[in-house]
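> Have a look at this prediction, sequence included:
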Amino acid sequence: MRDGTETIIGFARTVRAAGGPADTERVQALLSALGHLDVLDPADVYWAGRFTLCAGPDDIARYDRCFAAYFAGRTARFTRRVPPVVRRYTVVPNPRAPAGEERATDVQLATASDVEVLRDRDVARLNAAERAEVERLIALLSAVAEHRRSRRFAPAARGRLDPGRTIREVLRRGGEISSLRHRAHRTRPRRVVLLIDVSGSMTPYADALLRFAHAAARAGGRNVEVFSAGTRLTRLTRELRHRDPDTAMAAASAAIPDWSGGTRLGEELKEFLDRFGQRGMARGAVVVIASDGWERGDAGLLGTQMARLHRLAHRVVWANPHKARPGYEPLTAGMAAALPHVDDFTSGHSLAALEELARLVGGAHPAAKPPPSRSGGRGGSSPLEGEGAHPAAKPPPSRSGGCGGSSPLEGEGAHPAAKPPPSRSGGRGGSSPLEREGKRHA
């Protein structure tokens, strides 16, 4: 049965290489179906695979060619990818409308494309035509990194006073001070580092994620670095600098030696930090890790290296394609070890998810409610309790007693007629300034 399982998995890989939607779930469904059928019967194998490895009518012809090529030894011939169907609808004016209203309403042509439907579709479940359209749209994404303040200054309309430019302007005008010159810090885009998991479990999504990395490399230029992680760490920045996406993907595929292999994220992340990150590549950068979190190595090592990366980077974004599945929970050892050190946790399974990832790289933060620990429980003060609070604001009970702390009304600048709290007038044997003054006069 083990040889039969390897044969079926090899056939599924053939369908996937031909562009079919043979993802992990469909392969599992095929193996489950063949568990109730005769594996030695070609008809049972054919129909079980056709029901599980085909997502629509467009996949049947491709599946037949792969089945004949894999089991009968025939030569598989693949046709060119068909562009997506675009439907055109004609909007006709209402014949019952008034004459004036009818003249104002002209006949218009509305175009409804299947692209909007593809935005939320899982890339692992697309056929060849849909995948080609999604790849074209991924190439149009602009993953521009957020900007940071530089140490250098530039002339500005307002900001800090620029003594040099001001003095030169005064000397140019013969000693007359006409205006003051100002300067402000320059801004520079942050470095973006992308680590793409190319292991076997990420095969249905690795191509789309690498194309996203290619779009980011084209938009960010020298500020973007791309690596592939599997059993080895491979730098792909030079290969993804080509303008043509297909040429860049072909160069990247040739440079990756461990495509569809195992996963050792902890070891690869340690190698990245030792060789590149610690020397400056990860310092203040936005680091994006695209992986499903299946770690075959030591999960503790992955957690240690993620904590080390989080201390160096400005933000750590983790894209897990399985996050979009209903009922998903990060229960794998690698994902559970890495998640505490992740700033933004998102999915990368569809075109819409990749657009969200591009916004996160650009500095957008998902809307989230502040945690309860910020409003109390650890002695933290709310914004109303800090500097600039209203004088008539009543301090909370935890600030007026219990730990002997003083509220903002009891500090410097409090109203002279304010009544001191009970803890200041007694409880520790202390006397007020008026009582001490009275004792001296007595």
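Everything's here; your move.
> Do a quick rundown of the strands in this structure.
Under the criterion DSSP state E, strands of the chain are mapped to 86-91, 108-113, 147-156, 160-161, 182-189, 192-197, 224-229, 233-235, 286-290, 315-319, 344-346.
> where's the longest one relative to the chain centroid, distance-wise?
The gap between where strand 147-156 is centred and where its chain is centred comes out at 27 Å by CA atoms, centre = their mean, to the nearest Å.
> ok, residues contacting that strand?
By CB atoms under 8 Å, 6 or more residues apart in numbering, the list of residues contacting strand 147-156 from outside reads 160, 162, 165, 181-190, 284, 314, 363. Every C-beta, even on glycine, is put in place using the N, C-alpha and C of the backbone.
> Give me the buried entries from these.
Taking 16 or more other CB atoms under 10 Å as the criterion, what is buried in the contacts of strand 147-156 is 162, 181-183, 189-190, 314.
> Could you identify the least confident member of the contacts of strand 147-156?
Lowest pLDDT within the contacts of strand 147-156 is found at Gly363 (78).
> Tell me the spacing between that one and Arg325.
Remark: distance between Gly363 and Arg325 (CB to CB, to the nearest Å) = 28 Å.
> Repeat that for Val226.
In terms of CB to CB, Val226 sits 26 Å off from Arg325.
> just for the protein, where's the confidence low?
Low-confidence segments of the chain (pLDDT under 70): 1-3, 73-115, 365-442.
> what about 80?
Counting by pLDDT under 80, the chain has low-confidence residues at 1-4, 72-117, 142-149, 363-442.
> For the residue lying closest to His185 once chain neighbours are set aside, name its beta-bridge partners.
Residue nearest to His185 in three dimensions, not counting chain neighbours: Arg149, with 4.6 Å by CB to CB, 6 or more residues apart in numbering. Applying DSSP bridges to Arg149 gives these bridge partners: Thr187.
> circling back to that earlier point, what would the strands of the chain look like in TSV with distance to Asp64?
TSV is the format used below for those (distance: least, CB to CB, whole Å):
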stretch	distance to Asp64
strand 86-91	28
strand 108-113	29
strand 147-156	53
strand 160-161	72
strand 182-189	50
strand 192-197	32
strand 224-229	34
strand 233-235	36
strand 286-290	34
strand 315-319	35
strand 344-346	38
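> show me what contacts Tyr328?
Tyr328 touches His322, counting by CB under 8 Å, 6+ apart.
> Sorry, wrong one. I was asking about Leu31.
Counting by CB under 8 Å, 6+ apart, Leu31 has contacts 5, 8.
> cool, Glu135 as well?
So Glu135 contacts 207-208, 211, 245 (CB under 8 Å, 6+ apart).
> cool, and Leu34?
By CB under 8 Å, 6+ apart, the neighbours of Leu34 are 4, 8, 44-45, 48.
> Check the gap between it and Gly20 for me.
Note on Leu34: its distance to Gly20, by CB to CB, is 17 Å.
> Check Ala219 too.
If you go by CB to CB, the gap between Ala219 and Gly20 works out to 31 Å.
> so where's the longest helix in this structure?
With secondary structure taken from DSSP state H, the chain has its longest helix at helix 203-220.
> Give the other helices and strands that that helix contacts.
helix 128-138, strand 192-197, strand 224-229, helix 245-255, helix 351-361 (3 or more CB pairs under 8 Å, 6 or more residues apart in numbering; DSSP states H and E).
> Touching, Lys323 and Phe345? I think so.
Yes: under the criterion of CB atoms under 8 Å, Lys323 makes contact with Phe345 at 6.9 Å.
> burial of the residue nearest to Phe212 when sequence neighbours are not counted, as a residue count?
Distances taken as CB to CB, 6+ apart put Leu354 closest to Phe212, at 5.1 Å, once the chain neighbours are dropped. Per other CB atoms under 10 Å, the neighbour tally for Leu354 reads 27.
> got the contact list for Leu354?
So Leu354 contacts 138, 141, 208-209, 212, 348 (CB under 8 Å, 6+ apart).
> Against His314, how distant is Arg148?
The value you get for Arg148 to His314, if CB to CB is used, is 8 Å.
> what's the overlap in contacts for the two?
190, 284.
> Identify the residues contacting the residue most central in space within the chain.
Using CA atoms, centre = their mean, the residue of the chain that lies closest to the mean C-alpha position is Leu357, 3.8 Å off. By CB under 8 Å, 6+ apart, Leu357 lies in contact with 143, 212, 288, 317, 319, 346, 348.
> Closest to Leu195 out of those residues?
Val288 (7.1 Å; CB to CB).
> hang on, isn't that closest one packed against Val361?
Yes: with contact defined as CB under 8 Å, Val288 and Val361 form a contacting pair (6.5 Å).
> any shared contact partners between those two?
Joint contacts of Val288 and Val361 (CB under 8 Å, 6+ apart) are 192, 317.
> can you count the residues close to Ala255?
For Ala255, using other CB under 10 Å, the count is 15.
> That one reaches Thr234, doesn't it?
Yes: in this structure Ala255 lies within contact range of Thr234 using CB under 8 Å: 6.0 Å.
> ok, back up a step: how about the longest helix of the chain: buried residues?
Per 16+ other CB under 10 Å, helix 203-220 contains these buried residues: 203-220.
> Also stretch 30-49?
Applying 16+ other CB under 10 Å to stretch 30-49 flags 30-31, 33-34, 39, 45, 48-49 as buried.
> Centre of the chain to that stretch, how far?
On CA atoms, centre = their mean, the centre of stretch 30-49 falls 40 Å from that of its chain.
> Restricting to C-alpha, output it in CSV.
Coordinates of the C-alpha atoms in stretch 30-49 are reproduced here as CSV (Å, rounded to 0.1, in the frame of the first residue of the first chain):
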residue,chain,number,x,y,z
LEU,A,30,-8.1,11.2,-3.4
LEU,A,31,-6.2,8.9,-1.0
SER,A,32,-9.3,8.5,1.2
ALA,A,33,-11.5,7.7,-1.8
LEU,A,34,-9.0,5.1,-3.0
GLY,A,35,-9.1,3.5,0.4
HIS,A,36,-12.6,2.3,-0.4
LEU,A,37,-11.9,1.3,-4.0
ASP,A,38,-9.7,-1.0,-5.9
VAL,A,39,-6.3,0.7,-6.4
LEU,A,40,-5.4,-1.8,-9.2
ASP,A,41,-8.5,-1.0,-11.2
PRO,A,42,-7.6,1.9,-13.7
ALA,A,43,-11.2,3.0,-13.9
ASP,A,44,-11.5,3.4,-10.1
VAL,A,45,-8.3,5.4,-10.0
TYR,A,46,-9.3,7.5,-13.0
TRP,A,47,-12.7,8.5,-11.6
ALA,A,48,-11.5,9.0,-8.0
GLY,A,49,-8.8,11.4,-9.3
